[in-house]
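A.B. asks: next one to model:
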Amino acid sequence: MRADNEEGLPRVPRQRRADWLSGARIVGVLGVFYRPEGLLAEPEAAEFLLADGQSLLLTCASDGSLRVGPGAWPRLPDWCVPSGQWEFAAPAGLPGPPDGGWTVLRTEERGDTNGQVREAVIRCEGGSFVVGGGDTVAIRFTRGHRGAPSPT
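C.D. replies: Numbering: from 1, shown residues only. Okay, here's the model as predicted:
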C-alpha cells in the first residue's frame, strides 16, 4: 500500500479513486463496538488490519456518510470515550482471513448525489468487503463477482 506522508500512514482515499488500497493484504477485520450495546449491535466503525502493520478505519459521520482514513490499531479511535466502554471484536458473519490474508485487487467508493461517500467496496481475491455508512457501519463479505452474501 502506498503512503503519502512522512509517518507512513495509509493515504486517505480520494473520491471515486479505485486504487487507494490495491495490493495491500488484509489480515483481519474488526468492528469497534460500544460495550453497553453488546456485540449483537452493529459496529460503530470497521478497522481493517493490514499485513504491513498499518490499519484502515471506516466510520460514519453524523450525516451518515462513510469516512475512510488511517486506523491506529491496536489503539481504539480517539472518539471512543471513555475507552473502557469500547472494544474491538470480529463482526458477525465475516469469514476469517485465508492463509496470508486477502489481497486487495481494487477499491470503489459509492456516493450520493452530493458527493458524499455512502459505501466502500474492497474487492479481494475470493470476494469483496462491502462497508456502508449510516447510523452505524454495516459490513458484509460477498463471494465471487455477483455480490451474493457469503455463507457463514
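
A.B. asks: switch to C-alpha atoms for all contacts and neighbour counts from now on
C.D. replies: Will do.

A.B. asks: and the helices in the protein?
C.D. replies: In the chain, no helices are found when defined by DSSP state H.

A.B. asks: now A45. Nearest residue, chain neighbours left out?
C.D. replies: The shortest distance from A45 to any non-neighbouring residue, by CA to CA, 6 or more residues apart in numbering, is to T59 (4.4 Å).

A.B. asks: what's the burial count for that neighbour?
C.D. replies: 28 (other CA atoms under 10 Å).

A.B. asks: who does it form a beta bridge with?
C.D. replies: In this entry, T59 is beta-bridged to A45, R67, by DSSP bridges.

A.B. asks: tell me who's in contact with it.
C.D. replies: By CA atoms under 8 Å, 6 or more residues apart in numbering, T59 lies in contact with E44, A45, A46, L66, R67, V68, G133, T136, V137.

A.B. asks: now do stretch 120-129: everything it contacts.
C.D. replies: With CA under 8 Å, 6+ apart as the criterion, stretch 120-129 contacts 66, 102-110, 130-132, 139-145, 147.

A.B. asks: can you list the buried residues in that stretch?
C.D. replies: A120, V121, I122, R123, C124, G127, S128, F129 (16 or more other CA atoms under 10 Å).

A.B. asks: also stretch 96-110?
C.D. replies: Buried, per 16+ other CA under 10 Å, within stretch 96-110: G101, W102, T103, V104, L105, R106, T107, E108, E109.

A.B. asks: neighbouring contacts of that stretch?
C.D. replies: 15-28, 51, 117-126.

A.B. asks: if I look at the closest residue to W73 other than its chain neighbours, how far off is T113?
C.D. replies: Nearest residue to W73 in three dimensions, chain neighbours excluded: S55, at 6.1 Å (CA to CA, 6+ apart). Distance of S55 to T113, computed by CA to CA, to the nearest Å: 29 Å.
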